[in-house]
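K.L.:
My questions are about this predicted structure, shown below with the sequence.
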Amino acid sequence: MFRNIRVRPRLCILMILTVIVLIQVVLVYRGARPRPLEVSFLDVGQGDAVLIEAPNGNQLLYDAGPASGAILRRLSEELPHFDRSIDMLVFSHPDLDHIGGALDVLDRYRVDVILESPASGASEAFDLLQTRVAAASIDHLVARTGMHIDLGSGVVATVLSPSASWSTEDTNASSITLRVTYGSTSFLVSGDLSRQGEYRILDEQEARVRAQVVKLGHHGSKTSTSARWLEELDPDVVVVSAGLGNRYGHPDQEVLTLLERLHIPVARTDREGTIRFQSDGQAIVRK
C-alpha cells in the first residue's frame, strides 16, 4: 500500500525547522504582549457568576449561578477544553441563584480554595454543597473584611464585606463584596448586598472606594444600588446580571432611572449575554 511513497529527508528536516521557527515566533510574540486581566460576567440567567482570570492564568470564579447547567456552558465558552481547574471559587452567599451551579463546577473542575460567606443556607442544595466540599478536602476560608487575595501578576482581590460585627441572619446582608484591582484599574462585585450594607462599607472604609466597573447588587433590584453607593464608587459602567423576562422585574426601573440620572452606562446579561472586559493595568476595555 505504501510502496510508492518516497521519503525525502531534506524535505522532512526543512519542515521540522519551519515548525520550530514558528513556535519560537509565537513565544516571542506572546512574551512581547503580556496577557491582560480578564473579567467576564457570565450569562447564567437569573443568577450571578463572574470569572476573573489574572495575566498569569490564575482564575477566580465568583458565584456559580442557578442549578440550570448554564455555568458549565458558559465556562466552556471562556476556558480552553483542556483546562479543568479553577484556583478559587467564591460563594458570595448561600442563595440558590448564586450557589446552585456549584456542584456542577466541582464535578468538572478541580478547585483549590473555596471562600464563602459566614452566613448559612437553609436548603438541601446548600447542605449537599457543604458535604461535598468537606469530602473533597478543599481548602476552605470564611470571608471577612480586610482579607486580601493575591491572584498574581499584580492582581489583588480585597474583601470589603462582611465584617465580623455584621449579622449573619440575613444571607443577602452577608454577601461577600470583592474589589479586584490591577494597576490603576478596579472592578467590584457585591452579590445581593442591600443598600444598608453599601452604607456600612462606605462608612467603615478609611479611604474612598472606587471602581470603574461595578456589578450591581441583587441583579438590579431596588433593594440595592443607592445613589450614595454609585456616587462614591463613580463607575464608568455598571453590569446587571439577570435573566431575560425574569419574574422579579430585575433590573428595577427605579435603579435604571437612577443610572440614567447619573449618566452611568449599563450593560445587561439578559440583553447582551456574557459581558467581558480586559484590563492592562492602566485602562479597561470591553471585549
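P.N.:
Structure received.
K.L.:
can you pull out the helices in the stretch 1-150 of the chain?
P.N.:
Under the criterion DSSP state H, counting those that start in this stretch, the stretch 1-150 of the chain contains helices at 9-32, 70-78, 96-99, 102-108, 124-136.
K.L.:
low pLDDT regions in the chain?
P.N.:
Applying pLDDT under 70 to the chain picks out residues 1-33.
K.L.:
Centre-most residue in it?
P.N.:
Residue closest to the average C-alpha location in the chain (CA atoms, centre = their mean): V50, at 2.4 Å.
K.L.:
Give me the distance between the residue nearest to that residue when sequence neighbours are not counted and R200.
P.N.:
When the adjacent residues along the chain are set aside, V50 lies closest to Y62, with 4.2 Å between them (CB to CB, 6 or more residues apart in numbering). C-betas here are computed from N, CA, C, even on glycine. Distance of Y62 to R200, computed by CB to CB, to the nearest Å: 20 Å.
K.L.:
Who has more neighbours out of those two?
P.N.:
The neighbour count for Y62 versus R200, taken as other CB atoms under 10 Å, is higher for Y62 (27 against 20).
K.L.:
Pull the contacting residues for that one.
P.N.:
D48, A49, V50, L51, I52, V90, S92, L178, V189 (CB atoms under 8 Å, 6 or more residues apart in numbering).
K.L.:
Please apply the same query to H218.
P.N.:
Applying CB under 8 Å, 6+ apart, we find H218 in contact with N172, G191, D192, L193, S194, S224, H250.
K.L.:
and which of those residues is nearest A134?
P.N.:
A134 lies nearest to G191 out of the contacts of H218, by CB to CB, at 22.8 Å.
K.L.:
Let me know the helix or strand that the closest one is in.
P.N.:
Under DSSP states H and E, no helix or strand contains G191.
K.L.:
So it is in contact with N172, correct?
P.N.:
Yes - assessed by CB atoms under 8 Å, G191 is found in contact with N172 at 7.4 Å.
K.L.:
how near is the nearest residue to N172 once chain neighbours are set aside to S174?
P.N.:
Once flanking residues are discounted, N172 sits nearest to D192: 4.1 Å by CB to CB, 6+ apart. According to CB to CB, D192 and S174 sit 9 Å apart.
K.L.:
Show me whatever sits in contact with both of these two.
P.N.:
The contact sets of D192 and S174 overlap at H93 (CB under 8 Å, 6+ apart).
K.L.:
Now do the SS call for V156.
P.N.:
strand (DSSP: H, G, I helix; E, B strand; the rest coil).
K.L.:
make that T181, sorry
P.N.:
At T181 the chain is in strand, as set by three-state DSSP.
K.L.:
check contacts around it.
P.N.:
T181 is in contact with V155, V156, A157, T158, counting by CB under 8 Å, 6+ apart.
K.L.:
run the last query once more with 7 Å
P.N.:
V156 (CB atoms under 7 Å, 6 or more residues apart in numbering).
K.L.:
Dihedrals phi and psi, E198?
P.N.:
Dihedral pair for E198: phi -60, psi -50, per degrees, to the nearest 10.
K.L.:
which residue sits closest to it in space, ignoring its chain neighbours?
P.N.:
Residue nearest to E198 in three dimensions, not counting chain neighbours: W229, with 4.1 Å by CB to CB, 6+ apart.
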